[in-house]
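Enquirer: Quick one, fold the following:
(2 chains)
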2 protein chains.
Amino acid sequence: MPLKLRVIVVDRTKSPFLKEGELFYIDRLNKYTRVEWIEVKPAMIKKGRPADEVLAAEGQAIARRLMPRDYLVALDRLGHQYDSVGLADWLDKLSMDHGGWISFVIGGPLGLSKGLLKSAEKVLSLTRLTLTHEMCRLIFLEQIYRAFTIMKGEKYHK
Amino acid sequence: MPLKLRVIVVDRTKSPFLKEGELFYIDRLNKYTRVEWIEVKPAMIKKGRPADEVLAAEGQAIARRLMPRDYLVALDRLGHQYDSVGLADWLDKLSMDHGGWISFVIGGPLGLSKGLLKSAEKVLSLTRLTLTHEMCRLIFLEQIYRAFTIMKGEKYHK
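Expert: Predicted coordinates for the structure are as follows:
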């Protein structure tokens, strides 16, 4: 069953050039698969409010947008690192073993709650570097697009 | 001695949003340090021309822009991976041990020649994923900017 991608992120992208990049790759991805892009409201970060509380609130907002049969993938700096071919192989296998909707979750400035990371079937890392969450979205989309071109045996990937 | 950064890349950035992102971070970096951005002409990639030949030609174009006392850092997917704090620590140490100009070299679509990688004092990896060379520039600049904010103890890095 072909994969359908739900991408749940916290807050809208404010950087104009990163927003443009996002739309560029979502548009390209739409040639291969259905992409549902969901932006949940960020929790207020204010002085004295513990990070765990912010993350728990955002985790609840994210959980409300997940469907019961989604295969949940969380993005975290310390998750599993693939190279691009490995990522494509993993997605390919997932489309055979699971199919349907894969939900990718990308946190806000503070990342994702421990609860959400624990409940994910897979935790993916794009790099060991700390990225802004907006930059993370762009790299994620470019890599998923690249993975589809690899799966289809197309020329984009070198 | 404070570091000065020479960044030598192959070809100009064609993607409008990535170009915008580059300028955004070069501008921010200029508050901390001098950044010299050099774009060398790409070698022609045509059918039947061996990749090694392309890379050798681009390596020569890059070498012509290096100064004898530069500390040479090459970017390659398989190089040394730091996290963002590790990258800042390394740059900080470099400013004490070496100072002056650090030349960062980012290849074109085919990467960098083996000769250039061998002659580099350090080979850095941003991620194990294959990136477009234009995307690589943006992530590189954001991380170097982040490293300066970490060295200065500023708020940007979380």
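Enquirer: Give me the residue at the spatial middle of chain A.
Expert: The centroid of chain A falls nearest to residue A:104 when counting by Cα atoms, centre = their mean (3.7 Å).
Enquirer: isn't there a strand covering it?
Expert: Yes - checked against DSSP: H, G, I helix; E, B strand; the rest coil, residue A:104 lies within a strand.
Enquirer: how far away is it from residue A:140?
Expert: Using Cβ to Cβ, to the nearest Å, residue A:104 is found at 7 Å from residue A:140. In short, each C-beta sits where N, CA and C put it, glycine included.
Enquirer: what do those two both touch?
Expert: Residues touching both residue A:104 and residue A:140 (Cβ atoms under 8 Å, 6 or more residues apart in numbering or on different chains): A:7, A:75.
Enquirer: a strand runs through residue A:79, doesn't it?
Expert: Yes - assignment of residue A:79 by three-state DSSP places it within a strand.
Enquirer: Residue A:125 is in contact with that one, correct?
Expert: Yes - between residue A:79 and residue A:125 there is a contact under Cβ atoms under 8 Å: 3.9 Å.
Enquirer: Could you find the closest non-adjacent residue to residue A:79?
Expert: residue A:123 (3.5 Å; Cβ to Cβ, 6 or more residues apart in numbering or on different chains).
Enquirer: Check which helices and strands the host helix or strand of the one you found sits against.
Expert: For residue A:123, the host element (DSSP states H and E) is strand A:122-125. Strand A:122-125 makes packing contacts with strand A:71-81 when contacts are defined by 3 or more Cβ pairs under 8 Å, 6 or more residues apart in numbering or on different chains; DSSP states H and E.
Enquirer: and the next helix or strand after the strand it packs on, does that touch chain B?
Expert: As assigned by DSSP H and E, the chain's next helix or strand after strand A:71-81 is helix A:84-97. Yes - contact of helix A:84-97 with chain B (Cβ under 8 Å from any Cβ of the partner chain) involves A:84-85, A:87.
Enquirer: got the CA coordinates for helix A:84-97 in CSV?
Expert: The C-alpha trace of helix A:84-97 is given here as CSV (Å, rounded to 0.1, in the frame of the first residue of the first chain):
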residue,chain,number,x,y,z
SER,A,84,20.0,8.9,2.5
VAL,A,85,20.0,5.4,0.9
GLY,A,86,19.3,3.8,4.2
LEU,A,87,16.4,6.2,4.8
ALA,A,88,14.9,5.3,1.4
ASP,A,89,15.3,1.6,2.2
TRP,A,90,13.6,2.0,5.5
LEU,A,91,10.7,3.9,3.9
ASP,A,92,10.4,1.3,1.2
LYS,A,93,10.2,-1.5,3.7
LEU,A,94,7.6,0.5,5.7
SER,A,95,5.4,0.8,2.7
MET,A,96,5.4,-2.9,2.3
ASP,A,97,5.1,-3.9,6.0
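Enquirer: rewinding a little: between helix B:133-151 and the helix or strand just after the strand holding residue A:123, find me the angle.
Expert: The C-terminal neighbour of strand A:122-125 among helices and strands, as given by DSSP H and E, is helix A:133-151. When axes from the mean of the first three to the mean of the last three Cα atoms, to 10 degrees is applied, the directions of helix A:133-151 and helix B:133-151 differ by 150 degrees.
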